[in-house]
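# starting from these lines, generate the structure:
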Amino acid sequence: MEMQKVNLDDLVNNYVKLNIADRDLDFVEAHAIAKQKAKEFSADPMLLSWYQGKTGKYYPDIECGRSDKPAWVLYAESRGGDTAININNGEYIFIYLSLD
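Numbers count the residues shown, from 1 in each chain. Just a heads-up that it's a prediction; the model follows:
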C-alpha cells in the first residue's frame, strides 16, 4: 500500500531519515531504533503515531474528515508532534512529542 504523499519536513521541527541495511527489520526493531534517535532531541519522547509502509498499517487507526493528510499524521500534528523518524524511505515512520 502506498503512503499518501505528505511532507513531514514541513510538519515537525526534527525530521530524520535513516537507512537501515537489515532486510528483516521488523516493527519492534524499527521502533527501538526510532526511539533511540528521538532521544537525541528529547530525553523523554512520547510516541504519538506511526506508519508501516509494507502493510499500510498505522496508529492510531482512526478516520478523519480531512483528506489532505493521512489520519495518523493529522493526529500527531494536532497533538504537537515535533520529531519524525523515517526509516528506509517510509518503510516505518514514527512521530514523537518531546516531553522535556
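
# in the helix or strand of the chain with the lowest mean pLDDT, what's buried?
When the helices and strands of the chain are scored by mean pLDDT, DSSP states H and E, helix 71-78 comes last with a mean of 92. Using 16 or more other CB atoms under 10 Å as the test for burial, helix 71-78 gives 71, 72, 73, 74, 75, 76, 77. No exception for glycine: its C-beta is placed from N, CA and C like everyone else's.

# what lines up beside the following helix or strand past that helix in the sheet?
Once helix 71-78 ends, the next helix or strand along the chain (criterion: DSSP states H and E) is strand 83-87. Strand 83-87 sits in its sheet next to strand 14-18 (parallel), strand 92-98 (antiparallel), going by DSSP bridges.

# now do the contacts for the nearest residue in space to residue 69 that is not next to it in sequence.
Spatial nearest neighbour of residue 69, excluding adjacent residues (CB to CB, 6 or more residues apart in numbering): residue 6 at 5.3 Å. By CB atoms under 8 Å, 6 or more residues apart in numbering, the residues touching residue 6 are 69, 70, 73.

# could you do residue 12 as well?
Here residue 12 is in contact with 81, 82, 83, 84, 95 (CB under 8 Å, 6+ apart).

# and it, helix, strand or coil?
Local secondary structure at residue 12 is given as coil here, using DSSP: H, G, I helix; E, B strand; the rest coil.

# re earlier: quick one: which of the buried residues of helix 71-78 is nearest residue 44?
residue 76 (16.4 Å; CB to CB).
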